[in-house]
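Asker: how would this look folded up:
(one chain, ligands or ions: 1)
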Amino acid sequence: MTRARIYTTILMCAGAGAIGLAQAPAATRAAGTVTAHADIKGDGITGTADLTERKIGTGIVVDITVAASGLKPGMHGVHLHAIGKCEPDFTAAGGHFDPGPAGNTDPDANHPFHMGDVPNLQAGANGRGTLKATTTRVTLSDGPLSIFDADGTAIVIHGNPDQGITGEPKSGVSGGPRVACGVFTKK
Ligand SMILES: [Cu+2]
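Answerer: Below you'll find the model as predicted:
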């Protein structure tokens with residue numbers, strides 16, 4: 001590297017430092033520091049869901065871990081649902097989390113385009129299964145995609161596999177009957 005080039009590089013670093021300082025207040029926001037937990041319950045089913053947010057550059061991703069037991073062996077649809085309620089029954093959780101201005105929470109008719117859609121959970125012959133996934137579709141910190149919106153968010157496990165396709169309303173393509181549910185709390 002020539003002397004002139006080294007000088008240019010140092011100048012660029014100094015410039016980047018100044019920009020970094022100017023943006024410091026924004027960088028100290030809650031992004032990347034929030035986790036969420038839900039205890040999942042159903043008829044003979046227990047489980048947990050843990051979400052951890054982390055930053056990648058200027059973006060945010062959320063790591064999802066769901067563990068459950070008491071499930072029918074095989075694939076089960078799992079989604080983040082629009083309302084943080086599982087009572088009096090799991091329909092209280094509403095459709096799939098999809099908060100956009102053109103959001104459509106219909107579990108089947110707008111599937112698999114919801115922000116709350118995640119991969120299937122596979123249960124083994126012993127009825128136990130773990131799902132690990134990472135999504136850019138939601139955040140835990142404040143923002144337009146935050147699961148901690150005014151009415152909260154729930155996680156629902158379905159009795160059937162999520163086929164990952166769009167269907168008619170109530171067709172069940174996203175997993176059909178709701179067999180377990182849990183409400184997320186901020187940690
Ligand atoms: Cu669902």
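Asker: from memory F184 sits against T153, does it?
Answerer: Yes. Taking Cβ atoms under 8 Å as the definition, F184 is a contact partner of T153 at 5.2 Å. (C-beta placed from N, C-alpha, C; glycine too.)
Asker: Give me the common contacts of these two.
Answerer: Contact criterion Cβ atoms under 8 Å, 6 or more residues apart in numbering; residues shared by F184 and T153: G84, I147.
Asker: ok, these two, which is more surrounded?
Answerer: A count of neighbours by other Cβ atoms under 10 Å puts T153 above the other of F184 and T153, at 27 against 22.
Asker: pLDDT at the more buried one, what is it?
Answerer: Listed pLDDT for T153 reads 98.
Asker: for K187, same thing?
Answerer: The model reports K187 with a pLDDT of 88.
Asker: Quick check: it vs V156, distance?
Answerer: 20 Å (Cβ to Cβ, to the nearest Å).
Asker: ok, the two, which is more surrounded?
Answerer: V156 (27 against 11).
Asker: Counting by contacts, list what the helix or strand hosting T46 packs against.
Answerer: T46 belongs to strand 45-56 when assigned by DSSP states H and E. If contacts are counted by 3 or more Cβ pairs under 8 Å, 6 or more residues apart in numbering; DSSP states H and E, strand 45-56 sits against strand 35-42, strand 59-69, strand 154-158, strand 178-183.
Asker: looking at the ones you listed, which is closest to T91?
Answerer: Closest to T91 of the helices and strands packed on strand 45-56 is strand 178-183 (Cβ to Cβ; 7.1 Å).
Asker: what is the rounded mean pLDDT of that closest one?
Answerer: Mean predicted lDDT for strand 178-183 stands at 98.
Asker: near the ion at all, that strand?
Answerer: No. Using Cβ under 5 Å from the ion, strand 178-183 never reaches the ion; the gap is at least 6.7 Å.
Asker: and after that strand, which helix or strand comes next?
Answerer: Next along the chain after strand 178-183, with elements defined by DSSP H and E, is strand 185-186.
Asker: Within the sheet, what are the partner strands of that next one, with directions?
Answerer: strand 35-42 (antiparallel) (DSSP bridges).
Asker: Show me what counts as buried in the partner strand.
Answerer: Residues A36, A38, I40, K41, G42 are the ones in strand 35-42 that count as buried (16 or more other Cβ atoms under 10 Å).
Asker: The residue of the chain found nearest the ion sits in which helix or strand?
Answerer: Going by Cβ to the ion, the ion is nearest to H79 of the chain, at 3.4 Å. Here H79 sits within strand 78-81, counting by DSSP H and E.
Asker: Kind regards, and thank you for your time.
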